[in-house]
Each structure stands twice: as C-alpha cells, then as structure tokens.
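**Student:** Show me how the following folds:
(one chain, ligands or ions: 1)
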Amino acid sequence: MGSASAAPADVFKARFGTAGRQFSAPGRVNLIGEHVDYNDGLALPMAIDRRTRVWASPRGDRRLSVIAYDLGEEAELDLDAPARLTGTWRDYVAGVAFHLERAGFRLGGANLLVTSDVPAGAGLSSSAALEVAVGFALLALAGHDIDRLALACAGQAAEHDFVGTRCGLMDQFVAAHARAGRAIRLDCRTRDFDLIPLDATQCAVVVADTGKRHRLATSAYNARRRECETALTTLRQKRPALSSLREVTPADLDAALAELSAPLARRVRHVVTEIERVEAFARALAASDWTRAGALLTDSHRSLREDYEASCAELDALVAAAQAAPGCHGARMTGGGFGGCTVNLVAPAALEAFLREVPLAYERATGRATRLWVVAPSDGVGETIPERA
Ligand code: GLA
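**Tutor:** So this is what the prediction gives:
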C-alpha cells in the first residue's frame, strides 16, 4: 500500500521488485475557447507544470495492478474481464486501457503506481492527465509506437462511457501534444494544431482556484452539450448541410439566433463569438499585445456568464477581484465551469502584488480562501529517463 512517508519510487520498487519506468502527463489550463471543442471549434489551452506521474513495469499476464499512491488505495484490473464501473479513479484506468485495445493496440498486463500534483476537481484536467499518463505507459510497455491522437481519443472515450462526462477532446489532446514554452491553438474540426510561443517573462499566466466544487458539474456540462445538439438540429431545418455550430458564420449569426428559443440562442451566440475570440487571441499573442489578449479573456468570461451560463458567484467574484488588481490584463473562468478555477494574464512587474491582493479581495467578497499558481507552459506526456549516477 502506498504511504505518504515513503517516496513513490521506493514504494513501487518495494512492492514490485523493480525500479520500473517513469512516465508523466500534465494538467492544463485553457486560455480561451471554452465550451467550443465539442462544437468543432477552436480552443487555445496550454499544459501546466503540474503532472500526474506513473511508475510502470510489465507483467506476464493480462492484469493491471495499480497503486493510487496519494489515496493509499490499490486496484486489480483484468484486461480480459468486462470492467465494472466504480465511480472512482479506477474507471479512468480501466477506461483508457479498454479503449486503447478497442482502437487496435493490444496491451499487456502491468504494475502501476500513480501520483499527481494536479489539483483534482479544480478544472485543471487531472482526469485527462491520469488517462493520458496511464495510456502512454501501457502503450510504451507493450512496445507500440505512440500515436498521440489515438491516445487522446482513448482518454476521451473513457470519459464518455466509463466516467459519464461527454467531454470534447481538448483536455486529452493538450496532455498528449503540449510543448514547453508553447500554448496550443487546436482546431477541433480537423484536429490540426499550432504551437504558439508564450513568453512568461512578458506576461505571467496565473491560475486561481475558487475552492468551489459543483456537485452537479458533470450533469450541468452534459446539459450544455445537449443544448448545443438541440440548437444544431433546429438550425439544420433551414441549413441541411450544417454539420456543427462551428459552421454558423458570424454573418449568419443573427438569422440563426432568430430561429432559436432564448436560452439556445444565447448558447449559440457564445459558441460563435468565442470561436472568433480564439482567432483574435492568437493574433494578439503573436503580436505580444497583452492588453488586447486580456480584453478578450474578459469578453470570454462575460459570454460564459451571461450567454452560456457556465459560471457561478465564486468564479465571478474571483474574476472581478483579479480585474480590479493593477497590472491584470484580463481574467476569466477556465475549463468546464460551475466552479473550479480562473485564468489570469498579469504583467510580471505587478505579479507580486497580484498574488498578495487578489486572495484578500476574494475573501472579502466571498468569505472563501483561494489558492493561486503561476503556471508555465509545459511538455505533454512522455517518459522520464532517469539520470545516470
Ligand atoms: C471540460 C471538457 C473539455 C471542454 C471544457 C470546456 O474541460 O473536458 O472537453 O469542453 O470542459 O471548454
């Protein structure tokens, strides 16, 4: 059993008799492009310097023996037995293994130990980091060439039918493809992506946690996705060729909105305007125009609050506290919403005061504590090769 007193590597070795190989995948923060990935839109996330680490060694059978180090829990899974859903971390492991095999990657049994410093349930994609890290480890142990897109898709499929979140591909895609010093502009329609340099010496990216966890975040998320599907069905009556909300052009937006009931019209307006904001944000990054980039974050938050209704009082208060701080270019909720974290662009010279003042202002407004992290754009999943002594 993993114990917090012995280091993960020592626990793995003591338990499985070998040092194993070490793999890791990052959490992510989405800079802009929220709730558009499942509408074939554009998103612009980056991986953060918080990771899920997996120690792994092969076994001769088809079993997965898994230690969840941080929780002090263990599980035995059988690749040949139909998975039983448990509503716990086991489902992510079972789900990604199942979907990799289904995609044609035959796996072998493995001993695994998992540990993570990606905060869970905060909207920083700790679950995608887990799926992608474990999936990569299993592929590597089985000797497969790593197909990063297939790996991301297996993680997404695990969320859909092992966990029950009908998420888009963004989180798993970033965990699989990210590069240090870069954000990713991801086109969810074609799955093409560009790596965009992000220089932390010019602008700090700060993640702030509301501390609020929405009990019904999964059902609220799935409800938004359903609303988008219903809106698409309605719009197809006059536009039979429409394959996703991505295809609704800004020029056609007013006509499209007039065909929808009020809440659905607001959802579609968010999706269409958010996709435009991603393009504008990418241009602002390329020009190092942080004022413009920040203003787009602020617009995005307004749209998520008013039109998509994916924010909450705590997120709004934390965004307001940040926006009032000198040197903050812009702030907004990040990830699925209904709780979780905000993302903030802050001038480096103002960073120290920002980190000091925003928690005080947030606590005054809500009575809650916040945690802030300055995050660096980091590498996607990979194997850590131990340094030779
Ligand atoms: C969650 C989902 C993503 C994406 C975001 C919202 O993080 O996992 O696929 O839809 O919410 O942008």
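
**Student:** Where does pLDDT dip in the stretch 101-250 of the chain?
**Tutor:** 216 (pLDDT under 70).

**Student:** So which bits of it are right by the ligand?
**Tutor:** 167-168, 170-171 (C-beta under 6 Å from any ligand atom). The way it works is simple: take the backbone N, C-alpha and C, and place the C-beta from them, glycine included.

**Student:** Spit out the contact partners of the residue of the stretch 201-350 of the chain found nearest the ligand.
**Tutor:** Residue nearest to the ligand within the stretch 201-350 of the chain (C-beta to the nearest ligand atom): residue 336, separated by 3.5 Å. Residues in contact with residue 336 (C-beta atoms under 8 Å, 6 or more residues apart in numbering) are 35, 123, 167, 217, 221, 310.

**Student:** any chance you could read off phi and psi for the first one?
**Tutor:** Just to be clear, that refers to residue 35. Dihedral pair for residue 35: phi 60, psi 30, per degrees, to the nearest 10.

**Student:** Count the residues that sit near the residue lying closest to it once chain neighbours are set aside.
**Tutor:** Leaving aside its chain neighbours, residue 35 sits nearest to residue 308 (5.7 Å; criterion: C-beta to C-beta, 6 or more residues apart in numbering). By other C-beta atoms under 10 Å, the residues close to residue 308 number 25.

**Student:** A helix includes the residue of the stretch 201-350 of the chain closest to the ligand, no?
**Tutor:** No: if the criterion is DSSP: H, G, I helix; E, B strand; the rest coil, then residue 336 is coil and not within a helix.

**Student:** Check the gap between the closest residue in space to residue 329 that isn't next to it in sequence and residue 90 for me.
**Tutor:** Closest residue in space to residue 329, ignoring its immediate chain neighbours: residue 294 at 2.6 Å, by C-beta to C-beta, 6+ apart. Residue 294 sits at a distance of 41 Å from residue 90 (criterion: C-beta to C-beta, to the nearest Å).

**Student:** Residue 45 too?
**Tutor:** Going from residue 45 to residue 90 by C-beta to C-beta gives 27 Å.

**Student:** Equivalent analysis for residue 42, please.
**Tutor:** Distance, residue 42 to residue 90, by C-beta to C-beta: 34 Å.

**Student:** So between those two, which is more surrounded?
**Tutor:** residue 42 (24 against 21).

**Student:** burial measure for the residue lying closest to that one once chain neighbours are set aside, as a count.
**Tutor:** Nearest non-adjacent residue to residue 42, counting by C-beta to C-beta, 6+ apart: residue 278, 4.1 Å away. The local packing of residue 278 (other C-beta under 10 Å) involves 23 other residues.

**Student:** that older thread, next, the contact list for the residue nearest to residue 35, please.
**Tutor:** Contacts of residue 308 (C-beta under 8 Å, 6+ apart): 34-35, 224, 266-267, 270, 337.

**Student:** Domain boundaries for this protein, per the record?
**Tutor:** As given by automatic domain parsing, the domain ranges for the chain are 8-197+378-384, 204-375.

**Student:** all strands for the stretch 1-150 of the chain, in order.
**Tutor:** 21-32, 42-58, 63-68, 73-78, 110-116 (DSSP state E, counting those that start in this stretch).

**Student:** any chance of the ones you listed in a markdown table, plus distance to residue 319?
**Tutor:** A markdown table is the format used below for the strands of the stretch 1-150 of the chain (distance: least, C-beta to C-beta, whole Å):
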| stretch | distance to residue 319 |
| --- | --- |
| strand 21-32 | 14 |
| strand 42-58 | 18 |
| strand 63-68 | 34 |
| strand 73-78 | 36 |
| strand 110-116 | 27 |
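
**Student:** for these, which one ends up most surrounded?
**Tutor:** strand 21-32 (a mean of 28; mean count of other C-beta atoms under 10 Å).

**Student:** what's the angle between that strand and strand 110-116?
**Tutor:** With axes from the mean of the first three to the mean of the last three C-alpha atoms, to 10 degrees defining the directions, strand 21-32 sits at 40 degrees from strand 110-116.
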